[in-house]
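*Asks:* Need a 3D model of the sequence below.
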Amino acid sequence: MRRGFTPAAPNRLWVADITYVSTWSGWVYVAFVTDAYARRILGWRTATSMSTSLVLDAIEHAIWARERYGWDVKNVVHHADRGSQYTSMAFTDRLEQAGIRPSVGAVGSSYDNALAETINGLYKTEVIKRRGPWNTPEQAEFATAEWVDWYNHRRLYEHCGDTPPADPEAAHYDQPARQPAELSHTQQPPDKPGRFNGQHRTEQERDAPAPAQEVLPGQRGEQAEDQRREDGAGLCPM
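*Replies:* Residues are numbered from 1 along each chain as shown. Got it, this is the predicted structure:
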């Protein structure tokens, strides 16, 4: 990928990595799959062993998260490091079956998977270190589920224009005819679909009178009669 982590649309590049959490009952390993477009976490899984099944479960979660809405995952590039889990036959066969193209970074270079490492860092900072120590793997798993939901739907992300990752994705799919633009922290987020944004109206537009409604000839008499009734509604009878 040559460290190009800014695709122009969702479902073009996914990045994945494994991190770990220390609990009083032993180590917990956590695998994430993230869409690089808006940094949305698509799949994740925790386990007490760093086996191939850990990353297989995470990629299955990501595929399900997309296909449940009818979005095609074929030709998505899946980028990870050269860990044995990601280069195993079982994992590469599953990617091939789904039509996903594998990509791995250079040996010994953390920069080649910098985006996935960033997600791991946020996870450690915002939930693991803040809410620890952890007693059991189940406790860490539950906290991870809470954090992923908060991260995707409520955490303000600078890369997305200070909106949650789910918002730019929703705007992209709600406007399929528009040319997708690359996100950056200098861009303003798109209007949220279904929400009125009055600040975009100019002062002249806000102060302008409402346009008069056209009245057909046959309706003039009816409107005049209605006006007389309204004018006389507040009068006391003599």
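*Asks:* residues near the closest residue to Ser84 other than its chain neighbours, how many?
*Replies:* Distance criterion CB to CB, 6 or more residues apart in numbering; nearest residue to Ser84, sequence neighbours excluded, is Thr52 at 7.8 Å. In this view, the C-beta of every residue, glycine as well, is placed from N, C-alpha and C. For Thr52, the count of nearby residues is 17 (other CB atoms under 10 Å).
*Asks:* List the residues that contact Thr52.
*Replies:* 84-85, 88, 90-91 (CB atoms under 8 Å, 6 or more residues apart in numbering).
*Asks:* Okay, and the spatially closest residue to Ser49 that is not a sequence neighbour sits in which element?
*Replies:* Spatially, and ignoring its direct neighbours in sequence, Ser49 is nearest to Tyr29 (7.0 Å; CB to CB, 6+ apart). Element membership for Tyr29 (DSSP states H and E) is strand 26-35.
*Asks:* Could you list the buried residues of that strand?
*Replies:* 28-35 (16 or more other CB atoms under 10 Å).
*Asks:* helices and strands of this structure: which one bottoms out on pLDDT?
*Replies:* helix 203-207 (a mean of 45; mean pLDDT, DSSP states H and E).
*Asks:* per-residue confidence at the spatially closest residue to Ser51 that is not a sequence neighbour?
*Replies:* Spatial nearest neighbour of Ser51, excluding adjacent residues (CB to CB, 6+ apart): Gln85 at 7.0 Å. For Gln85, the model assigns a pLDDT of 95.
*Asks:* what's around Gln85, how many residues?
*Replies:* Neighbours around Gln85, by other CB under 10 Å: 21.
*Asks:* With the one 10 residues further on instead?
*Replies:* Leu95 is flanked by 19 other residues according to other CB under 10 Å.
*Asks:* So it: helix, strand or coil?
*Replies:* helix (DSSP: H, G, I helix; E, B strand; the rest coil).
*Asks:* That one is in contact with Ile59, isn't it?
*Replies:* Yes: using CB atoms under 8 Å, Leu95 makes contact with Ile59 at a distance of 7.3 Å.
*Asks:* shared neighbours of these two, which are they?
*Replies:* Shared contacts of Leu95 and Ile59 (CB under 8 Å, 6+ apart): His78.
*Asks:* Appreciated, that's everything.
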